[in-house]
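Novice: give me a model of this one.
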Amino acid sequence: MQLSFLEPLFDRSGPWATVYFDPGQNDESGAKRRELSVREVCRTLEEQGADPATTKAVREVLTSTATADYPVGRALFAAAGEVVLTRRLSRAPQGQIACWSPLPRLAPLLELSGQDPVCLVAYIDRTGADFERRGAGGPRDVGGGEGQQWPIHRTTTSDWSERHFQLKVENTWEHNAGEIAEALATAYEESGAEVVVLVGDPRERQAVRERLPEAVRELTVETEHGGAAGSDSPALEEAIERARRECADRRVGVALDRFRAGRVSTDRPTDAVEGVPAVVEAAREHRIDTLLLRPGGPDLDRETWVGTDPDQVAVRRGDARTLGESAPVSVRADDALLRSAAATGAEVLIVPLPDDEPSLSGDADPAATIAKNGTGRAGNTTGTADTDVPVGGIGALLRWTYQPTS
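Specialist: A predicted model of the protein is given here:
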């Protein structure tokens, strides 16, 4: 996941109110529970030291949150009496998360908003196609491709002139497939998609797919479900989500393969690092290409020290002062590293948890979440036998090979 959308959070100083809010059901009882939840969130922020203006801004936005607009949840970031950024969640938090801290709490956002890739859906027929972008913000029309409108229908006679006409029909189909493929390749580049789903008649899908550039064709899947854009088809929705999940799994798999290959325990040059000290050093030097976070990792909330600039991050307070910050503040390691990753254009990947381990997004007991200042951690994964993930839950793939300092 690229973090450019978080830029507004780093254009100003904190402290920050961070809230992950589930609006609940859109009925009378749900409205009452939602009102109580808003009160609890604001009370938690006040108890942690949030100023009245910021708490009021949070209250006003949460009170006006429409269930239809944020069906499973909303992330909210506020400072100095203003709500600076809100994001729609793709999964509901396990209990409300609220905290007041020097930096915005970002790790739960990456898990709850999903890192499912953007998907470009092409609804194809013989005369053209409609394209739809699927991402965390929901479906969005992104144009289409239009071919020749005639002739497109075959006849059943064997007359020579009719066979000649049928040949023209075949040529029209082939021409239109090429036009659609060209438009689809352009839409793929412009949409930021990582996977393409073709919807339509099998022959039409295949004809378009064969004409796509190889790089796009390799990321394209077909489905027999669905019809025109905007039509209601549960089977099509499942096919699209499955394509996005499989693409995300492949992306994480590639990253972990690179991490395993690059991680070394000797003093030889390495392409990957793990553990807070090594990743913090890489962040200071802008060497992080991809930041890897594992939910529940014991190092995610390890104390680090930061200054005003994103690369002023250190494991010890004294080290932060040597970076030019006279009054460093204590923050969570994941918050500091995510700020640094966003500022330097690094990608972030959440390494999925086994089903039996806790997540960043909530506790086994939802009622405990707010009281824990939004950490959402219910356990410790120190004893895990899985060596494919970074030790402590934090690692990084590097932009260039370097010689370890220790």
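
Novice: contacts, neighbours, all on C-alpha from now
Specialist: Will do.

Novice: now the helices for the stretch 251-400 of the chain?
Specialist: 276-284, 317-322, 333-343 (DSSP state H, counting those that start in this stretch).

Novice: just put those helices in JSON lines and tack on mean pLDDT.
Specialist: Formatted as JSON lines, the entries for the helices of the stretch 251-400 of the chain read as follows, by pLDDT from 0 to 100:
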{"stretch": "helix 276-284", "mean pLDDT": "94"}
{"stretch": "helix 317-322", "mean pLDDT": "90"}
{"stretch": "helix 333-343", "mean pLDDT": "93"}
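
Novice: what's the most buried one of those helices?
Specialist: Among the helices of the stretch 251-400 of the chain, the stretch with the highest mean neighbour count (mean count of other CA atoms under 10 Å) is helix 333-343, at a mean of 24.

Novice: distance between that one and the chain's centre?
Specialist: A distance of 15 Å separates the C-alpha centroid of helix 333-343 from that of its chain, computed with CA atoms, centre = their mean, to the nearest Å.

Novice: show me the contact partners of it.
Specialist: Identification of contacts with helix 333-343 by CA atoms under 8 Å, 6 or more residues apart in numbering yields 2-4, 6-7, 10, 103-107, 276, 280, 283-284, 288, 291, 293, 299-304, 306, 310-311, 313, 347-348, 394.

Novice: restricted to strands, list those residues.
Specialist: When DSSP state E is applied, those are split such that 288, 291, 293, 303-304, 306, 313, 347-348, 394 fall in strands.

Novice: now for those: which two are most distant?
Specialist: Checked with CA to CA, these reach their widest spread between 303 and 347, with 22.6 Å between them.

Novice: sorry, back to before: give me the buried entries from the contacts of helix 333-343.
Specialist: Neighbour-count burial within these applies to 3, 6, 10, 103-107, 276, 280, 283-284, 288, 291, 293, 299-300, 303-304, 306, 310-311, 313, 347-348, 394; the criterion is 16 or more other CA atoms under 10 Å.

Novice: tell me the SS of the nearest residue to residue 221 once chain neighbours are set aside?
Specialist: Excluding the flanking residues, the one nearest residue 221 by CA to CA, 6 or more residues apart in numbering is residue 197, at 5.0 Å. The local conformation at residue 197, judged by DSSP: H, G, I helix; E, B strand; the rest coil, is strand.

Novice: what sits against residue 197?
Specialist: For residue 197, the residues meeting the contact criterion (CA under 8 Å, 6+ apart) are 119-122, 220-223, 240, 243.

Novice: report the helix or strand with the lowest average pLDDT across the chain.
Specialist: Counting by mean pLDDT, DSSP states H and E, the chain has its least confident helix or strand at helix 160-191, which shows a mean of 73.

Novice: need the nearest residue in space to residue 187, chain neighbours excluded.
Specialist: residue 142 (7.3 Å).

Novice: quick one, grab the pLDDT at that neighbour.
Specialist: Each residue has a pLDDT score; the one for residue 142 is 85.

Novice: endpoint to endpoint, stretch 197-212 covers what distance?
Specialist: 13 Å (CA to CA, to the nearest Å).

Novice: just stretch 339-350 next, same as before
Specialist: Between the start and the finish of stretch 339-350 there is a gap of 15 Å, counting by CA to CA.

Novice: where in the stretch 151-300 of the chain is pLDDT low?
Specialist: 151-172, 226-232, 264-269 (pLDDT under 70).

Novice: which of the residues in the strand or helix carrying residue 237 are buried?
Specialist: Assigned by DSSP states H and E, residue 237 belongs to helix 234-262. Neighbour-count burial for helix 234-262, counted by 16+ other CA under 10 Å, picks out 236, 239-240, 243-245, 247-249, 251-252, 255-256, 259-260, 262.
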